[in-house]
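[1] Kindly return the folded structure for what I paste below:
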Amino acid sequence: MSKFSMTCSCGHEMSAEAPTREEAVQQVKAMMTQEAVEQHLAEKHPEGPSMTMAQVHSQIEQMLAPVYA
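    Numbering: from 1, shown residues only. Next up, the predicted model:
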């Protein structure tokens, strides 16, 4: 298993362990439900614009990277 991680502009880190990056992307997408995204935006980005789930998924696909120990 490999560890993959991404860090939001607010410093919040999301990570997943999976055999491949693609599987890790799917895990993080599953964690970031509409409710989780709304809660994160309300708590960490109250002044920022809202995001669609497509935008969230696109950012996950772009930003999730392997963690090298």
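[2] Helix or strand, whichever it is, which one in the protein has the lowest mean pLDDT?
    Scoring the helices and strands of the chain by mean pLDDT, DSSP states H and E places helix 34-44 at the bottom, with a mean of 94.
[3] Touching stretch 14-31 from outside, list them.
    By C-beta atoms under 8 Å, 6 or more residues apart in numbering, the surrounding residues in contact with stretch 14-31 are 1-8, 32, 56-57, 60-61, 64, 66-67. All C-beta atoms are positioned from the backbone trio N, CA, C, and that covers glycine.
[4] returning to that earlier point: and the helix or strand following the least confident helix or strand of the chain, what does it pack against?
    Of the helices and strands lying after helix 34-44 in sequence (DSSP states H and E), the nearest is helix 53-63. Contacts defined by 3 or more C-beta pairs under 8 Å, 6 or more residues apart in numbering; DSSP states H and E place helix 53-63 against strand 2-7, helix 21-31, helix 34-44.
[5] can you redo these as TSV with mean neighbour count and distance to Thr52?
    As requested, the helices and strands packed on helix 53-63 are exported to TSV (neighbours: other C-beta atoms under 10 Å; distance: least, C-beta to C-beta, whole Å):
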stretch	mean neighbour count	distance to Thr52
strand 2-7	16	18
helix 21-31	16	13
helix 34-44	12	9
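[6] Can you add distance to Ser50 and give the ones you listed back as TSV?
    Output for those, formatted as TSV (distance: least, C-beta to C-beta, whole Å):
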stretch	distance to Ser50
strand 2-7	19
helix 21-31	18
helix 34-44	6
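[7] Contact partners for the residue nearest to the spatial centre of the chain?
    The residue lying closest to the centre of the chain (C-alpha atoms, centre = their mean) is Ile60, at 4.8 Å. Neighbouring residues of Ile60 by C-beta under 8 Å, 6+ apart: 6, 14, 25, 28-29, 32.
[8] in a helix, that's where Tyr68 is, yeah?
    No: the assignment for Tyr68, made by DSSP: H, G, I helix; E, B strand; the rest coil, is coil rather than a helix.
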